[in-house]
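K.L.:
Attaching a predicted model along with its sequence, questions to come.
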Amino acid sequence: MTFKELNISEPILKALRDKKYEIPTPIQEQAIPVVSGGKDLLGIAQTGTGKTAAFAIPIIQQISRLNAKERGREIKALILTPTRELAIQIDECFKDYNRYTDIRHTVIFGGVNQKPQVDALKRGTDVLIATPGRLLDLISQKYIKLDHIQHFILDEADRMLDMGFIHDIKRLLVILPKQRQTLFFSATMPAKISILAKDMLKNPITVEIKPVDKMKNKIEQGLYLVEKPEKSNLLIDILKKEQAKTILVFSRTKHGADKIAKVLNKTGINCEAIHGNKTQVARQRALDNFRSGKTRIIVATDIAARGIDIANLGMVINYDLPDTAETYVHRIGRTGRAGQYGTALTFCSKDENAMLNSIQKLIGKKISRLSVSA
Ligand code: AMP
């Protein structure tokens, strides 16, 4: 199937060609007709499946079809997402797909001065992308009205609940117009989430994308058995030879991440570390540099990496094994996204063998061993 066959209008097709997207991903193929048709959607899909475009494209399309009177200045689509990094990424997607259309989109999140966000809201916006805290804050200060919302998108519902946003979501549901289209996305569907989804959706169409099969095909996994003192030399060797555009190196600890970044920078390999001890501004700057290609390599802890979604992440390196086998699957799932091929390399020392075994049990295969000197 092609994007054209999904009845996407020419200005958006042009923007997709600029992005070099050749064909729709499975979630786009299935969700775009549902969203364009005005139906509610329950999307069970992880970040990395192309779900942002699956809702952003039909929303841009529907808003850009409105005439000036219908358009007005009010917010017509609200996208709620758990983290500022995700909010910024979604806003960037809107920027990309909206290149030849003219809908206005604004992003708001906490942890920064509200003034520029309020100024943007005062200029009027069609689409608002928000994290829960700042959204409710600006609603209570009367800078935001939700009376004209026609499309409400709840992104990463499971993470929202994990992060304790359930009460914020419930407060919002009371304010939102009852007559609206709701799109509900979650990577997993435990009981709590399906109850929330049932509450929010009217006769939804369910689209489920299984990420695991995709991961198996698209990610090449390799293992180096290497003792701790040798890990940094191995990393330097690999990075010197590696052509991958963007590389994410995982460290189990913040201190470790700093140490790795220091060693690499000393050898002339330009990289940045992100972790919880860095200020949000420093983390955002590192991410912006990474995204724009200024820095090719980022060293991150698992928690700091949560919000990272970079187009075409070329390689993931597990400098240390993670604390759980599931985390390994999440880590390597950051490469090989949306039809691209990716590589995941793991450095395992003797004392990490038990974790390696649990990982291999979970993924159902042995990771191919690579030789250090190669
Ligand atoms: P998402 O799941 O929305 O975070 O998207 C994951 C990544 O896939 C993003 O970096 C997108 O830029 C990329 N992407 C989305 N749709 C396509 C497509 N049809 N073809 C290639 N890449 C895509």
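P.N.:
Ah, there it is. Numbers count the residues shown, from 1 in each chain.
K.L.:
what sits against Lys228?
P.N.:
Ser349 (CB atoms under 8 Å, 6 or more residues apart in numbering). Placement of C-beta: from N, CA and C, glycine included.
K.L.:
and if you look at the one 5 residues further on?
P.N.:
Counting by CB under 8 Å, 6+ apart, Asn233 touches no other residue.
K.L.:
Looks to me like it is in a strand.
P.N.:
No. Under the criterion used here (DSSP: H, G, I helix; E, B strand; the rest coil), Asn233 is helix, not part of a strand.
K.L.:
Torsion angles phi and psi at the nearest residue to Gly342 once chain neighbours are set aside?
P.N.:
Excluding the flanking residues, the one nearest Gly342 by CB to CB, 6 or more residues apart in numbering is Thr335, at 2.8 Å. Backbone torsions of Thr335, given as degrees, to the nearest 10, read phi -110, psi 170.
K.L.:
how about the strands in the stretch 51-200 of the chain?
P.N.:
77-80, 105-108, 127-130, 151-154, 181-186 (DSSP state E, counting those that start in this stretch).
K.L.:
Ala257 contacts Ile297, doesn't it?
P.N.:
No. Counting by CB atoms under 8 Å, Ile297 is not a contact partner of Ala257; they are 11.9 Å apart.
K.L.:
For the residue nearest to Gly342, give its distance to the ligand.
P.N.:
For Thr335, the distance to the ligand (CB to the nearest ligand atom, to the nearest Å) stands at 11 Å.
K.L.:
Quick one: check stretch 94-101 for contact with the ligand.
P.N.:
No. Applying CB under 6 Å from any ligand atom, one finds stretch 94-101 separated from the ligand by no less than 7.7 Å.
K.L.:
Now do that stretch, average pLDDT.
P.N.:
Mean pLDDT, stretch 94-101: 96.
K.L.:
and it, how far apart are its ends?
P.N.:
10 Å (CA to CA, to the nearest Å).
K.L.:
Kindly report the residues of the stretch 151-300 of the chain close to the ligand.
P.N.:
Counting by CB under 6 Å from any ligand atom, the stretch 151-300 of the chain has no residue next to the ligand.
K.L.:
Just the buried positions in stretch 353-371, please.
P.N.:
For stretch 353-371, the neighbour count (16 or more other CB atoms under 10 Å) marks 355-356, 359-360, 363, 367, 370 as buried.
K.L.:
Okay, now the unreliable bits of the stretch 101-250 of the chain?
P.N.:
Where the stretch 101-250 of the chain drops to pLDDT under 70, the residues are 211-217.
K.L.:
swap the cut-off to 90 and go again
P.N.:
Within the stretch 101-250 of the chain, the stretches with pLDDT under 90 are 111, 162, 188, 209-220, 240-246.
K.L.:
Contact partners for the residue nearest to Gly133 when sequence neighbours are not counted?
P.N.:
Once flanking residues are discounted, Gly133 sits nearest to Gly110: 4.8 Å by CB to CB, 6+ apart. Contact analysis of Gly110 by CB under 8 Å, 6+ apart lists 84, 131, 133-134, 137.
K.L.:
that older thread, would you mind checking which of the buried residues of stretch 353-371 is nearest to the ligand?
P.N.:
Ile363 (21.3 Å; CB to the nearest ligand atom).
K.L.:
ranking the contacts of Gly110 by neighbours, who comes first?
P.N.:
Greatest neighbour count in the contacts of Gly110, by other CB atoms under 10 Å, goes to Thr131: 24 neighbours.
K.L.:
pretty sure that one is touching Glu85, no?
P.N.:
No. Counting by CB under 8 Å, Thr131 does not reach Glu85; the two are 9.8 Å apart.
K.L.:
which stretches of the stretch 251-374 of the chain form strands?
P.N.:
Using DSSP E, counting those that start in this stretch, strands in the stretch 251-374 of the chain cover 271-274, 297-300, 315-318, 342-348, 368-369.
K.L.:
Any chance of those strands in CSV with mean pLDDT and distance to Thr246 as columns?
P.N.:
Converted to CSV, those look like this (pLDDT from 0 to 100; distance: least, CB to CB, whole Å):
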stretch, mean pLDDT, distance to Thr246
strand 271-274, 89, 11
strand 297-300, 92, 8
strand 315-318, 94, 8
strand 342-348, 93, 10
strand 368-369, 89, 23
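K.L.:
List just the one of the ones you listed that sits closest to Ser251.
P.N.:
Ser251 sits nearest to strand 297-300 of all those, at 5.8 Å, using CB to CB.
K.L.:
picking that back up, put together TSV for the strands of the stretch 251-374 of the chain, with distance to Ala191 on each row.
P.N.:
As requested, the strands of the stretch 251-374 of the chain are exported to TSV (distance: least, CB to CB, whole Å):
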stretch	distance to Ala191
strand 271-274	34
strand 297-300	32
strand 315-318	32
strand 342-348	32
strand 368-369	38
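K.L.:
Near Glu29, how many residues? Count them for me, please.
P.N.:
Using other CB under 10 Å, the number of residues around Glu29 comes to 18.
K.L.:
host element of it?
P.N.:
helix 26-36 (DSSP states H and E).
K.L.:
Run through who's touching whatever helix or strand comes next after that helix.
P.N.:
Where DSSP H and E defines the elements, the next helix or strand beyond helix 26-36 is strand 41-44. Here strand 41-44 makes contact (CB under 8 Å, 6+ apart) with 27, 31, 34-35, 51, 54-55, 182-189, 197, 201, 204-209.
K.L.:
go again using 6 Å as the cut-off
P.N.:
Outside strand 41-44, the residues that touch it by CB atoms under 6 Å, 6 or more residues apart in numbering are 31, 34, 183-185, 189, 197, 204-208.
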